[in-house]
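A.B. asks: just to be clear, the model below is a prediction. Sequence and coordinates:
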Amino acid sequence: QSIDTLIKAKGKLYYGACTDQGRLTSGKNAAILQQNFGQVTPENSMKWDSLQNQRGKFNWGQADYLVNWATTNNKTIRGHTFLWHSQLAGWVNNIRDKNQLTQVLQEHITTVMTRYKGKIYGYDVANEIFNEDGSLRSSVFYNVLGEDMVSIAFKAARAADPDAKLYINDYNLDSPNAAKLTRGMVQHVNKWVAAGVPIDGIGTQGHISSGGGNNLAAAIKALAAANVKEVAVTELDIQGNNANDYATITKGCLNEPKCVGITVWGVRDPVSFACPLVVRCEGGSDADREKQDSWRPNGNPLLFDSSYNPKQAYNSIVQAL
Ligand code: XIL
């Protein structure tokens, strides 16, 4: 049974996954996405360094592929992402003039959103702009534009495609008591919305470990208490023995009227962002295991195994729905 069909029957918009051209043209990824998911996020192809690595020279190939595939297959698309310190083009990182950076940010957002106007459900306009303590994080955008970076980006996005939902997205919002969530995200978003910044939704990425499901479900509620129309889980992967957590988070979204859907960050364990080397999730030698990042201790993050079979986690979501 498709978790997307089931979640739609409960009034939500989608169960989705990230992907891109390389995955869609290899293995059974496209078939899995067609059958089980209703939404896709480009894993990398809409990031700044992919789209505009040199000023004014846009590379549309991979992003176009994703958008065309999704449109043909009737899948909702979440665009990802504009105002982000990472996977940013070097030439943007070197700008020190406020007017110039404002113009560059506006042009980038306007160009991308105009190209895909009417085809994208929503965008992560801003990504990872907070520090752990809830203050705004250092980046070329913050250092040159200050807090205005947020209104500049969201206003350009609203003007370019008025029907697209505009999101602010971050990680480590996974607990209702996370400083980043309570002091950073909710307070800043309420202040910006009151000041007329067009923010429609908050995304919590959800790169977590087993046992974190209840906290993430509580975080969904805490984010929904902000003055926004919707919230979403945008990049879910769960390290370790995670079937219960997937069920808990799914129920957490069902129980929060503002939660529109859940996106998992990939299809298959061995090529997940949370398992960058095949060996990390498929066994491997002790030496290989020692290379694991501390936050990626256990592997097993996603819903399908290396042979594209649905895992216990997938079935636990079916049951939760
Ligand atoms: C990751 C991709 O999954 C990787 O393929 C890439 O090498 C690095 O970026 N937060 C985000 C995502 O917002 O864009 C990141 O995606 C994972 C963390």
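C.D. replies: Here it is on my side, so go on.

A.B. asks: from now on I want contacts and neighbour counts done on CA atoms only, so please keep to that.
C.D. replies: Fine.

A.B. asks: quick one: strands adjacent to the strand or helix carrying Y15?
C.D. replies: Y15 belongs to strand 14-19 when assigned by DSSP states H and E. Sheet pairing of strand 14-19 (DSSP bridges) gives strand 39-42 (parallel), strand 259-264 (parallel).

A.B. asks: highest mean neighbour count out of those?
C.D. replies: strand 39-42 (a mean of 26; mean count of other C-alpha atoms under 10 Å).

A.B. asks: hang on, the earlier thing: same list (the strands paired with strand 14-19) but as TSV, adding mean pLDDT and distance to F82.
C.D. replies: Below are the strands paired with strand 14-19 laid out as TSV (pLDDT from 0 to 100; distance: least, C-alpha to C-alpha, whole Å):
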stretch	mean pLDDT	distance to F82
strand 39-42	98	13
strand 259-264	99	19
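
A.B. asks: give me the contacts around the strand holding Y15.
C.D. replies: For strand 14-19, the surrounding residues in contact (C-alpha atoms under 8 Å, 6 or more residues apart in numbering) are 3-5, 7-8, 33, 37-43, 66, 76, 235, 260-267.

A.B. asks: could you do stretch 33-51 as well?
C.D. replies: 1-5, 14-20, 58-60, 62-63, 66, 70, 73-82, 87-89, 263, 265, 267.

A.B. asks: starting at the chain centroid, how far to that stretch?
C.D. replies: 9 Å (C-alpha atoms, centre = their mean, to the nearest Å).

A.B. asks: my guess is L173 meets L181, correct?
C.D. replies: Yes: if you go by C-alpha atoms under 8 Å, L173 and L181 touch, sitting 5.1 Å apart.

A.B. asks: picking that back up, as CSV, the strands paired with strand 14-19 with distance to D148 would be great.
C.D. replies: Listed next are those as CSV, based on distance: least, C-alpha to C-alpha, whole Å:
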stretch, distance to D148
strand 39-42, 27
strand 259-264, 28
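
A.B. asks: E107: which of those is closest?
C.D. replies: The closest approach between E107 and any of the strands paired with strand 14-19, judged by C-alpha to C-alpha, belongs to strand 39-42 at 20.5 Å.

A.B. asks: dump the helix or strand just after the closest one to CSV, restricted to CA.
C.D. replies: Next in sequence after strand 39-42, counting helices and strands by DSSP H and E, comes helix 48-51. Below are the C-alpha coordinates for helix 48-51, written out as CSV (Å, rounded to 0.1, in the frame of the first residue of the first chain):
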residue,chain,number,x,y,z
TRP,A,48,22.7,27.8,-5.8
ASP,A,49,25.9,26.1,-6.9
SER,A,50,24.0,23.8,-9.2
LEU,A,51,21.9,26.4,-10.8
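
A.B. asks: show the subsequent helix or strand relative to helix 48-51.
C.D. replies: helix 61-72.

A.B. asks: what lines up beside the very next helix or strand once past that next one in the sheet?
C.D. replies: Going down the chain from helix 61-72, the next helix or strand is strand 76-83, by DSSP H and E. Using DSSP bridges, the strands paired with strand 76-83 in its sheet are strand 39-42 (parallel), strand 122-127 (parallel).

A.B. asks: many thanks, we can stop here.
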